[in-house]
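# Sequence and predicted structure below; questions after.
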Amino acid sequence: MIIYIASDHAGFEMKRALIEHLSQSGHHVYDCGPETYDPADDYPDYISRAAHYVSEKSHDLDVFGVVLGGNGQGEAIVANRFPGVRCAVFYGGNKHTLTTSRQDDGANMLSFGARFLTTHEATQAVDLWLGTKFSGEARHVRRLKKIAKIEEILKTE
């Protein structure tokens, strides 16, 4: 799998740990920044890079993105602005949200709320999420086609 990963300052250390874990697991991981810790950085600068790459390859079933921030919400908002990106948020709790985001919604990006998770929890969550496949059920395919149609309409406006 190819994984594009990015964070802001709040997720910086967790990002580094996830890069190491994912690389050791055999994935091709591309760090979209930041390269150094900066407590004044702005997450859109880095999250948009990862989302751009995932968007370009959104039809490739082996391309994913992982983004990290304080609560993960703003990062998901940025990522979901890109065509073909379906970014889910996880900041702990019921892991069923991880599996259904892949099985039902075909999520290709995952946003972590780094201030709500330990690195161990994030590592377990990303493994579960990446290991879950899109179901391909007709109702889910139909819904994803509707999302793609909405994206096309928005491009022409």
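Happy to help now that I have it.
# Check which helix or strand the residue nearest to Trp129 when sequence neighbours are not counted maps to.
Nearest residue to Trp129, sequence neighbours excluded (Cβ to Cβ, 6 or more residues apart in numbering): Leu98, at 4.6 Å. (C-beta placed from N, C-alpha, C; glycine too.) Following DSSP states H and E, one finds Leu98 within helix 96-103.
# the longest helix in this structure is where?
helix 138-156 (DSSP state H).
# Give me the contacts around that helix.
Pro83, Gly84, Arg86, Gln103, Asp104, Asp105, Gly106, Phe134 (Cβ atoms under 8 Å, 6 or more residues apart in numbering).
# who touches the fourth one in this structure?
Gln103 makes contacts with Thr132, Lys133, Phe134, Ser135, His140, as judged by Cβ under 8 Å, 6+ apart.
# The fourth one is in contact with Asp105, isn't it?
No. Assessed by Cβ atoms under 8 Å, Ser135 is found out of contact with Asp105, at 9.9 Å.
# With neighbour count, secondary structure and distance to Ala17 added, can I get the contacts of Gln103 in CSV?
Shown next, in CSV, are the contacts of Gln103 (neighbours: other Cβ atoms under 10 Å; DSSP: H, G, I helix; E, B strand; the rest coil; distance: Cβ to Cβ, whole Å):
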residue, neighbour count, secondary structure, distance to Ala17
Thr132, 15, coil, 21
Lys133, 11, coil, 25
Phe134, 17, coil, 27
Ser135, 15, coil, 30
His140, 15, helix, 32
